[in-house]
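when you get a sec, could you give me coordinates for this:
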Amino acid sequence: MSDRDDGWFDIDSPASRCTSHAGPADLDEEGAVIVRVVIADDQPAVREALRVTLDGEPDIEVVSEAADGAEAVHQALWRRPDVVVMDLRMPYVDGISAIRQLADVETPPRVLALTTFDTDEYLFGALQSGAAGFLLKDSDPELLLQAVRALHRGHGLVDPQVTTRLIHRFARLSPGPATDAQQRLTTRELEVLRQLARGLSNAEIAQALTIEEGTAKTHVASLLRKLGLPTRVRAVIYAYEHGLAPRDSDT
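Reported below is the predicted structural model:
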């Protein structure tokens, strides 16, 4: 299944073309790569459901579980997973604090944040802290598998419902002044950024601007690099913060 089959918003960053594993890759008997996963959630039933879904796949192995953010960081440093599936609301040390701590290690795992619609502050906090993907806790198990595999490949995915929420939230912001980095964007890169702010994928951007999909991807990578942004979602926020997002009349 393609990463875009369900309308997910791809948040590839320039770093996505680099190896994203936190440690040496595990291989099965046939030499296929096994995705190592740590699950962090304070509810045992949720952890069990996640484990059953993930461990049921031949290319995924749950190597450890954690009930709070502190234990999640400990397990991630010890077991060196490729992906951490991280609940954002946990006691003692929450998921956002754990994501920040993991972002500071030399070879951090990719973090898939589990979110709910009633906790915007957690969602945006996780985004600012460096989560590579966002999934609603009540999403279909197939989306969980899709997201874990995408993160392991170095991509990032955001549930389209979360993308819509992000866009609506930041559309209410009063734009700030232009930055020096913004001045380095080409006219085409500004056009691509405006399309990103609409939540479009590379293929949709290419169609909107009548360019090749590979060209759109190149422009996205370039503008992220120039703006110093890690993901496409951060680019969406940047566009709204600096008045570069399309007005309602433009969409």
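
CA atoms of the helix or strand hosting residue 189 as PDB?
If you go by DSSP states H and E, residue 189 is part of helix 187-196. The C-alpha trace of helix 187-196 is given here as PDB (Å, rounded to 0.1, in the frame of the first residue of the first chain):
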ATOM      1  CA  THR A 187       9.500  32.500  -6.600                       C
ATOM      2  CA  ARG A 188       8.800  28.900  -7.300                       C
ATOM      3  CA  GLU A 189       9.700  27.800  -3.800                       C
ATOM      4  CA  LEU A 190       7.200  30.400  -2.400                       C
ATOM      5  CA  GLU A 191       4.500  29.000  -4.600                       C
ATOM      6  CA  VAL A 192       5.300  25.500  -3.400                       C
ATOM      7  CA  LEU A 193       5.200  26.700   0.200                       C
ATOM      8  CA  ARG A 194       1.800  28.200  -0.300                       C
ATOM      9  CA  GLN A 195       0.600  24.800  -1.700                       C
ATOM     10  CA  LEU A 196       2.100  23.100   1.300                       C
END
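
which strands and helices lie in contact with it?
Contacts defined by 3 or more CB pairs under 8 Å, 6 or more residues apart in numbering; DSSP states H and E place helix 187-196 against helix 202-209, helix 213-227, helix 232-241. The way it works is simple: take the backbone N, C-alpha and C, and place the C-beta from them, glycine included.

just say which of these is most tucked in.
The highest average neighbour count among the helices and strands packed on helix 187-196, using mean count of other CB atoms under 10 Å, belongs to helix 232-241 at a mean of 22.

who does it touch, helix- and strand-wise?
Applying 3+ CB pairs under 8 Å, 6+ apart, one finds that helix 232-241 contacts strand 9-10, helix 120-129, helix 160-170, helix 187-196, helix 213-227.

wait, residue 125 sits on residue 96?
Yes. Taking contacts as CB atoms under 8 Å, residue 125 lies within contact range of residue 96: 4.3 Å.

okay, and the common contacts of these two?
Residues touching both residue 125 and residue 96 (CB atoms under 8 Å, 6 or more residues apart in numbering): residue 88.

more neighbours: these two, which one.
Shown here are residue 125 and residue 96; by other CB atoms under 10 Å, residue 96 has more neighbours (25 against 19).

thinking that one is in contact with residue 124, fair?
No. The criterion here is CB under 8 Å, and residue 96 misses it with residue 124 at 9.5 Å.

weakest of the helices and strands packed on helix 232-241 in terms of mean pLDDT?
Note on these: strand 9-10 shows the lowest mean pLDDT, a mean of 54.

strands of the stretch 1-150 of the chain, start to end?
Assigned by DSSP state E, counting those that start in this stretch, the stretch 1-150 of the chain shows strands spanning 9-10, 26-27, 33-40, 60-66, 83-87, 110-115, 133-136.

for burial, what's the neighbour tally of residue 194?
Look at residue 194: counted by other CB under 10 Å, it has 20 neighbours.

one more: residue 89?
Applying other CB under 10 Å, we find 17 residues neighbouring residue 89.

now it: how far from residue 98?
12 Å (CB to CB, to the nearest Å).

quickly list what's touching both of these two.
The contact sets of residue 89 and residue 98 do not overlap (CB under 8 Å, 6+ apart).

give me the distance between residue 209 and residue 224.
17 Å.

correction: residue 230
Taking CB to CB, one finds residue 230 at 7 Å from residue 224.

now swap in residue 115 and tell me
With the distance defined as CB to CB, residue 115 ends up 23 Å from residue 224.

ok, the closest residue in space to residue 70 that isn't next to it in sequence - contacts?
Excluding the flanking residues, the one nearest residue 70 by CB to CB, 6 or more residues apart in numbering is residue 93, at 4.1 Å. With contacts defined as CB under 8 Å, 6+ apart, the neighbours of residue 93 are 68-70, 72-73.

most surrounded residue in these?
Across the contacts of residue 93, neighbour numbers were computed from other CB under 10 Å; residue 72 holds the maximum, 30 neighbours.

hang on, isn't residue 220 packed against residue 196?
Yes. In this structure, residue 220 is within contact of residue 196 by CB under 8 Å, at 6.9 Å.
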